[in-house]
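> Fold the following, please.
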Amino acid sequence: MRAVVYERYGSPDVLELKEVPTPTPKDDEVLVRVRAVSINDWDWGLLQGVPLIGRLMSGVFRPKQPILGSDIAGRIDAIGRNVKRFKPGDEVFGDLSGRWGGFAEYVCAPETALALKPPAMTFAEAAAIPQAAMLAAQGLRDRGEIHTGQKVLINGAGGGVGTFAVQIAKQYGVEVTGVDSSAKLDLLRSIGFDKVIDYTKEDFTRNGIRYDLILDVKTNRSVFAYTRALSTNGTYVTVGGSMLRLLQIVFLAPLIARISKKKMRVVMLKANKDLAYMIELFEAGKVKPVMDRIRALSDIPEAMRYFGAGNHKGKVVIELSA
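Residues are numbered from 1 along each chain as shown. A predicted model of the protein is given here:
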């Protein structure tokens with residue numbers, strides 16, 4: 001099979017399209033012919049080998065897993081003898097974080113990591129959903145405890161997580177403000193944001209407006225800046241960003257809660273937990289993935305470079321031929 005592999009850490013230039021052996025599913029796995037795969041922040045970080053602490057798991061000197069890609073959608077080609085939920089021919093999707101291997105024509109996956117793809121959902125749409133939508137749902141519902149009447153702000157609103165988050169948030173009858181670059185503001189308005197802020201012209205932590213819930217995709221400010229933007233008893237939730245900023249939030253959250261009653265929380269992703277919820281919203285027409293630059297497998301290095309520049313709108317999805 002063809003796969004995009006990397007044998008050393010670095011820029012997208014180290015990615016190469018190669019012929020590699022097709023994997024064989026274990027007893028509790030299925031073999032999926034990949035029809036679409038999307039790019040996530042983890043792919044970008046693993047490609048570069050950052051943060052350095054992550055190399056303890058991914059390989060100190062060179063990557064242990066030479067094929068990136070976790071959010072996949074495709075058709076089951078073969079199953080292990082213990083698999084009960086699926087059969088060959090089923091169309092499935094899910095997040096393979098920790099295993100990866102999705103930047104390829106075939107990948108093995110445990111049956112527990114997959115869900116049946118609804119017939120009305122394209123493979124590209126399915127591949128866009130798993131990680132970004134789970135972070136959005138778990139950030140807003142589980143950690144943010146979103147409820148009717150709140151003022152919500154999403155920082156980094158034009159990427160995968162943010163474009164799902166606004167659609168989820170609007171189900172709760174809240175006012176949502178999105179923060180991103182000027183190039184993405186029209187998109188934000190079109191998908192439901194009530195207000196938008198161009199971060200190059202305005203600092204939402206200093207404009208005097210307070211929010212009941214902040215969902216942060218970037219985590220690029222100090223913990224004290226975020227508390228300044230929260231209303232009394234407000235909640236700040238981050239889904240990723242600078243490791244130093246994340247550690248600052250983890251260590252200072254108890255002190256901030258004691259002094260100000262404001263809650264600072266970090267989402268620890270539970271992969272695929274809310275796929276059924278997202279399928280429900282999709283089939284009801286309440287959520288539609290926002291996708292940018294659907295490409296071929298051979299274009300993954302270019303797609304990764306585009307993703308790393310941060311100019312993409314929604315999810316960057318690579319669609320493989322049938």
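> I figured residue 299 hits residue 318, correct?
Yes - counting by C-beta atoms under 8 Å, residue 299 touches residue 318, with 6.9 Å between them. Using the backbone N, CA and C atoms, a C-beta is placed for each residue, glycine as well.
> between these two, which one's more packed in?
Per other C-beta atoms under 10 Å, whichever of residue 299 and residue 318 has more neighbours is residue 318, with 25 against 15.
> what's the helix or strand where that one lies packed up against?
Secondary structure assignment for residue 318, by DSSP states H and E: strand 315-319. Contacts defined by 3 or more C-beta pairs under 8 Å, 6 or more residues apart in numbering; DSSP states H and E place strand 315-319 against strand 29-38, helix 123-128, strand 291-295, helix 300-309.
> If we use 10 Å, what do you get?
For strand 315-319, the packing partners by 3 or more C-beta pairs under 10 Å, 6 or more residues apart in numbering; DSSP states H and E come out as strand 29-38, strand 71-79, helix 123-128, helix 130-137, helix 160-169, strand 291-295, helix 300-309.
> circling back: what is in contact with residue 299 and residue 318 at once?
4, 293 (C-beta atoms under 10 Å, 6 or more residues apart in numbering).
> Mind naming the longest helix for the chain?
helix 243-260 (DSSP state H).
> Listing partners with orientation, what would you give for the helix or strand that that helix is followed by?
Sequence order places strand 263-266 as the next helix or strand after helix 243-260, per DSSP H and E. Partners of strand 263-266 in the sheet, by DSSP bridges, are strand 230-238 (parallel).
> Would you mark the buried spots in the partner strand?
Of the residues in strand 230-238, 230, 234-238 count as buried by neighbour count, 16 or more other C-beta atoms under 10 Å.
> quick one on the thing from earlier: which of the helices and strands packed on strand 315-319 has the lowest mean pLDDT?
Lowest mean pLDDT within the helices and strands packed on strand 315-319: strand 291-295, at a mean of 89.
> Quick check: which ranges of the stretch 201-322 of the chain have low pLDDT?
Along the stretch 201-322 of the chain, segments meeting pLDDT under 70 span 322.
> dump the residue contacts of the residue lying farthest from the centre of the chain.
In the chain, counting by C-alpha atoms, centre = their mean, residue 259 sits farthest out from the average C-alpha position, at 32.6 Å. With C-beta under 10 Å, 6+ apart as the criterion, the residues that contact residue 259 are residue 227.
> coming back round to it: just the angle between the longest helix of the chain and strand 230-238, please?
150 degrees (axes from the mean of the first three to the mean of the last three C-alpha atoms, to 10 degrees).
> Contacts only, for the most centrally placed residue in the chain.
The centroid of the chain falls nearest to residue 132 when counting by C-alpha atoms, centre = their mean (2.6 Å). Neighbouring residues of residue 132 by C-beta under 10 Å, 6+ apart: 38, 40-41, 71, 95, 159-165, 217, 239, 289-290, 314-315.
> Residue 148: neighbour count?
Around residue 148 there are 8 residues (other C-beta under 10 Å).
> what do you get for residue 25?
Residue 25: 22 neighbours (other C-beta under 10 Å).
> same question, residue 281
Residue 281 - counted by other C-beta under 10 Å - has 19 other residues nearby.
> now residue 52
Residue 52 has 9 nearby residues by other C-beta under 10 Å.
> any idea how far residue 9 is from it?
10 Å (C-beta to C-beta, to the nearest Å).
> now swap in residue 103 and tell me
16 Å.
> Which one's more surrounded, those two?
residue 103 (30 against 17).
> before we move on, the earlier item: nearest to residue 194, of the helices and strands packed on strand 315-319?
helix 160-169 (9.1 Å; C-beta to C-beta).
> angle of that closest one against strand 71-79?
90 degrees.
> what's the distance between helix 160-169 and the middle of its chain?
Counting by C-alpha atoms, centre = their mean, to the nearest Å, helix 160-169 is centred 10 Å from the centre of its parent chain.
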